[in-house]
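Chemist: Quick one: sequence and predicted model below, then my questions.
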Amino acid sequence: MHYHCAMMKLLKRSLSLLLSICLGLVFIFSAYTKLIPVIETFEFSFVDTGLANWYVAPVLARLMIGLELFLGILLVANYKLKRFTLPLSVFLLLFFIVYLIIQIIINGNSGNCGCFGEQLIMTPLQGILKNIIMIVLALMVYFTCINWELKYNGLLVSLVALNAIIAPFIVNPVDYTYTSNNLDEKVNYPLELNLLYEPEDSIKVEIPKVGLRKGKQVLAFLSLTCSHCRIAAKKFRLLKKENPKLPIYFILNGDRSDFKAFIEDTRADNIPYSFCLGKTFIALASSHLPRIYYLDNSIVVKKVDYFELNQYAIEKWIAGSKIEP
């Protein structure tokens, strides 16, 4: 009987350790994929749900990633599971569930929930299901760990917490003064928009649905399958959502069969667009994509990439403020 009880305790402890390590690795993987290669889609989600503005969202996103990383390390290390790590982990998972429910209420169960960044695409509902499963596993650990916890020095744990929180800010720093790599290129020249309105090949070039040759416009040349173009489209969608009056227009390149996947991923169906294929697209956008122009009566006054897109700067420019090239 004594042998049987000892084996049961060992089995419970082994199961607890295995589940705790697995949960920790999921947290660490989640933090990694949100941060690398791009963190922008996670940042955008906070703006989309109204939890933060464009300035607060980058900081909040990195703090959340740091917390995920910290909890992942503690779960792998089996640190104070019942008293600290598991309750905080479940709280964070419940927060994400509520957050994803808000996403569904606002946008429906569409697009990427951002649980694993751009590396593993999941809908908000799939993200909720994943978090529920993790909560169930966390509860299993809670009821099987039998207070078997490895002891760690408090100072060491504090240093781990500090490093985990600041790591996202070091790996992918917040930069509100980001300068585009395009600034060295020529500006203040007319963009040959007649190529769009008087196309040589009407099959390859679709005449834009709005007048782009007059007034101030933000014109984005995007490829349907380009990952960076999709990130740009996601940010543009939010810009347009926050201020529907912004004059944003997409010139799209790619197989039309890819358009549905493009819209399902970016949800940028609130922005007018037209297709442009072949040499005309290259002539206007070059091979560097996404290509984003600020136009003033067909004159390219600024070139940016999606990092530098700023709702407030665009609004000031539209209102009449001078924009730095």
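Modeler: Received the coordinates, thanks. As the structure is a prediction and not an experimental result, all values here were calculated from the model. Numbers count the residues shown, from 1 in each chain.

Chemist: who touches residue 116 in this structure?
Modeler: Neighbouring residues of residue 116 by CB atoms under 8 Å, 6 or more residues apart in numbering: 29, 30, 33, 34, 122. C-beta coordinates here come from the backbone N, C-alpha and C atoms, glycine included.

Chemist: can you check residue 110 too?
Modeler: Residue 110 touches 123, 264, 267, counting by CB under 8 Å, 6+ apart.

Chemist: Can you tell me which member of the contacts of residue 116 has the lowest pLDDT score?
Modeler: Looking at the contacts of residue 116 by pLDDT, the weakest one is residue 122, with 86.

Chemist: Can you verify that residue is assigned to a strand?
Modeler: No. Counting by DSSP: H, G, I helix; E, B strand; the rest coil, residue 122 is not part of a strand but coil.

Chemist: gap between it and residue 116?
Modeler: 7 Å (CB to CB, to the nearest Å).

Chemist: sorry, back to before: just the buried subset of the contacts of residue 110, please.
Modeler: Listed as buried from the contacts of residue 110 are 123, 267; burial here means 16 or more other CB atoms under 10 Å.

Chemist: Looking at the contacts of residue 110, which is nearest residue 194?
Modeler: The shortest approach to residue 194 among the contacts of residue 110 belongs to residue 267, at 32.0 Å (CB to CB).

Chemist: Would you confirm that that closest one contacts residue 111?
Modeler: Yes. Residue 267 lies in contact with residue 111 (CB atoms under 8 Å); the separation is 4.9 Å.

Chemist: any idea which helix or strand comes after the longest helix anywhere in the chain?
Modeler: If you go by DSSP state H, the chain has its longest helix at helix 2-35. Scanning forward in sequence from helix 2-35 by DSSP states H and E, the next helix or strand is helix 40-48.

Chemist: can you give me the angle whichever helix or strand comes after that following helix makes with helix 40-48?
Modeler: Beyond helix 40-48 on the C-terminal side, the first helix or strand identified by DSSP H and E is helix 56-77. Using axes from the mean of the first three to the mean of the last three CA atoms, to 10 degrees, the direction of helix 56-77 lies 120 degrees away from that of helix 40-48.

Chemist: buried set for helix 56-77?
Modeler: 57-58, 60-62, 64-77.

Chemist: which stretches of this protein form helices?
Modeler: Along the chain, the stretches classed as helices by DSSP H are 2-35, 40-48, 56-77, 86-107, 124-144, 154-171, 194-197, 227-242, 259-266, 279-285, 311-319.

Chemist: can you list the weak-confidence ranges in the stretch 201-325 of the chain?
Modeler: Flagging of the stretch 201-325 of the chain using pLDDT under 70 yields the residue ranges 287, 324-325.

Chemist: Relative to residue 296, how far out is residue 305?
Modeler: Taking CB to CB, one finds residue 305 at 19 Å from residue 296.

Chemist: can you check residue 244 too?
Modeler: Distance from residue 244 to residue 296, counting by CB to CB: 21 Å.

Chemist: When the two are compared, which one has more neighbours?
Modeler: Neighbours per residue, other CB atoms under 10 Å: of residue 244 and residue 296, the larger number sits with residue 296, 16 against 9.

Chemist: that older thread, can you list the helices and strands that the longest helix of the chain packs against?
Modeler: Packing partners of helix 2-35 (3 or more CB pairs under 8 Å, 6 or more residues apart in numbering; DSSP states H and E): helix 56-77, helix 124-144, helix 154-171.

Chemist: is it true that residue 208 touches residue 197?
Modeler: Yes. Judged on CB under 8 Å, residue 208 makes contact with residue 197 at a distance of 7.0 Å.

Chemist: Now for residue 285: which residues touch it?
Modeler: Residue 285 touches 221, 251, 253, 291, counting by CB under 8 Å, 6+ apart.

Chemist: Please report the distance of the residue found closest to residue 160 once you drop the neighbours it is linked to in the chain from residue 91.
Modeler: Of all residues not flanking residue 160 in the chain, residue 73 sits nearest, at 5.9 Å (CB to CB, 6 or more residues apart in numbering). According to CB to CB, residue 73 and residue 91 sit 17 Å apart.
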